[in-house]
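**Student:** Got a predicted structure plus its sequence, pasted below:
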Amino acid sequence: MAEKYLKKCICSMRRLFVNFNLLESKMRSDIERRCDLERMHIDLEKLNEELCIMQQKASAEEKRRRYVEDECAKLKRRVLGSCDGFEDKISYTKKNVDEVPSAFEYAMCLPKAHQPRETLSSQKNTISKILEEGKIKFDHRDQPNDLI
């Protein structure tokens, strides 16, 4: 009878040992899951912080872009408003206000005070050359025909 009792005790201990091993492995897997969840939570917090930073940067960039677009539109309106020499000024503004005028159109619109110095000095040089040539030709006209 003691032998049967010992056999039952040994079987019970084996079952307890197996159950203990199962519980231990479940606990380990639960602990690993919790660690994984904690890591994921930390990663999620980092990603949320990065998202907030990126949203702030995008918002600031959007404000800068709007400001630059507004300034560009103001400059275009000012340039188009100061252009008196265009025949098709009204039709041009109706077509597309956002269209950038060509360099030639822009130069034609500028008041003399805003034109570059090189342009003004070259214009003065050209005028003086024309006047000098005209003076020389005019001087030749005053000469008698036999000298020409």
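**Tutor:** Done, it's in.
**Student:** Quick one: mean pLDDT for the helix or strand harbouring Ser25?
**Tutor:** Element membership for Ser25 (DSSP states H and E) is helix 2-82. Helix 2-82 shows an average pLDDT of 91 in the prediction.
**Student:** Show me what that helix is packed up against.
**Tutor:** Packing contacts for helix 2-82, counted by 3 or more Cβ pairs under 8 Å, 6 or more residues apart in numbering; DSSP states H and E, involve helix 89-95, helix 103-109. Using the backbone N, CA and C atoms, a C-beta is placed for each residue, glycine as well.
**Student:** same thing but 7 Å
**Tutor:** In this structure, helix 2-82 makes packing contacts with helix 103-109, judged by 3 or more Cβ pairs under 7 Å, 6 or more residues apart in numbering; DSSP states H and E.
**Student:** show me the contacts for Ser121.
**Tutor:** With contacts taken as Cβ atoms under 7 Å, 6 or more residues apart in numbering, Ser121 has no neighbouring residues.
**Student:** Quick check: it vs Glu132, distance?
**Tutor:** Applying Cβ to Cβ, to the nearest Å, one obtains 16 Å for the distance of Ser121 from Glu132.
**Student:** Can you give me the domain assignment for the protein?
**Tutor:** Using automatic domain parsing, the domain ranges for the chain come out as 41-111, 116-148.
**Student:** tell me the mean pLDDT over the shortest one?
**Tutor:** Regarding domain 116-148, the rounded mean pLDDT is 64.
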